[in-house]
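**Student:** What follows is a predicted protein model with its sequence.
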Amino acid sequence: MRTILSAVLIALVALLVPASAVAYWADRELGDADRYTAAMSPLASNPAVQGVVVTQVGRALSDQIDAGPFQIGVDALLDEALHSFAGTPAYRTAWDAANRAAHAAFLDALTTGHGDALTIDLAPVIDQVKGELVADGVPFADRIPVTHFSVKVMEYDNLGALREGFRMLQVAGIWLPVLTVLLAAAAIAVAVHRRRAVMATGLGLAIGAGLLWIAVDVCRRLALDDLPADIDRRAAGAVYDALTSFLRTTAWVVLAIGLAAALGAWLMGRLRRTP
């Protein structure tokens, strides 16, 4: 009976590993503005994301400048200036500011039911670009108004279906990971052969890590397939990868811990048998 109970607990541990990781990620990573901004910060140097920002900001600025017969020349100067600006520390600072501002809207979309898209307000970027253009003496740059200009990086027709799950994950937060650890300890404690239980629990953790990795990969494919045609898939994929990097890292860490525990228990058994 104890062996069966231990096996059931180990199976639960394997299933709860991905759920625990996602719950902690939703509550502590996506729900925190500082961690969200830190996760998105490296995308400032991602070519696909830079391309979307440069294109969208260029269009926004061009629409605000009426240069008459000189419009083509001004647009060319804007494009050149934007590509140059995208590699500067000022751009990265503006990008971080834009993402921090976008975090509230992101949580609003997932928690209150308003909106079906993940957007980034590029007003901080436009403000920095305007300053650079004015300093460089670009014609008509001083006429650019700094207004809110949001760019969609992800959009879903069924985002509402994800909201309930997100709320549940936030509630689970820290408690689900704690429950997983307690169940793993209980599986070892009730087992008749504890060394074998440690080995089985380690393998269960490794299996759970594999399930987490598969879930992240499958959700990535589904998320990108569900995007409207006007959303850049490379940029959206980069955003998804940045937001879920914590889950991939967690999968590797749990996999290493599980395999180390299983290997350690197996080696202890071999050493005991050695005369």
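**Tutor:** Yep, it's here. Residues are numbered from 1 along each chain as shown.
**Student:** State the phi and psi torsions of the residue most central in space within the chain.
**Tutor:** In the chain, the residue lying closest to the centroid (Cα atoms, centre = their mean) is residue 243, at 0.7 Å. Note on residue 243: backbone dihedrals following degrees, to the nearest 10 are phi -70, psi -30.
**Student:** Would you mind measuring from it to residue 208?
**Tutor:** Between residue 243 and residue 208 the computed distance is 21 Å (Cβ to Cβ, to the nearest Å). No exception for glycine: its C-beta is placed from N, CA and C like everyone else's.
**Student:** and what of residue 57?
**Tutor:** 43 Å.
**Student:** Looking at those two, which is more packed in?
**Tutor:** Of the pair residue 57 and residue 208, residue 208 is the one with more neighbours under other Cβ atoms under 10 Å, namely 28 against 20.
**Student:** any idea how far residue 255 is from the more buried one?
**Tutor:** Counting by Cβ to Cβ - residue 208 and residue 255 are separated by 9 Å.
**Student:** Quick one: low-confidence residue ranges for the stretch 51-200 of the chain.
**Tutor:** Applying pLDDT under 70 to the stretch 51-200 of the chain picks out residues 67, 109, 111-120, 138-141, 143, 145-164.
**Student:** can you give me the strands for it?
**Tutor:** Taking DSSP state E, counting those that start in this stretch, the strands of the stretch 51-200 of the chain run over residues 117-121, 150-155.
**Student:** thinking again about what came up before, what's the local residue count around the spatially closest residue to the residue nearest to the centre of the chain that is not a sequence neighbour?
**Tutor:** Among residues not flanking residue 243 along the chain, residue 39 sits closest, at 5.8 Å (Cβ to Cβ, 6 or more residues apart in numbering). Burial measure for residue 39: 20 neighbouring residues, criterion other Cβ under 10 Å.
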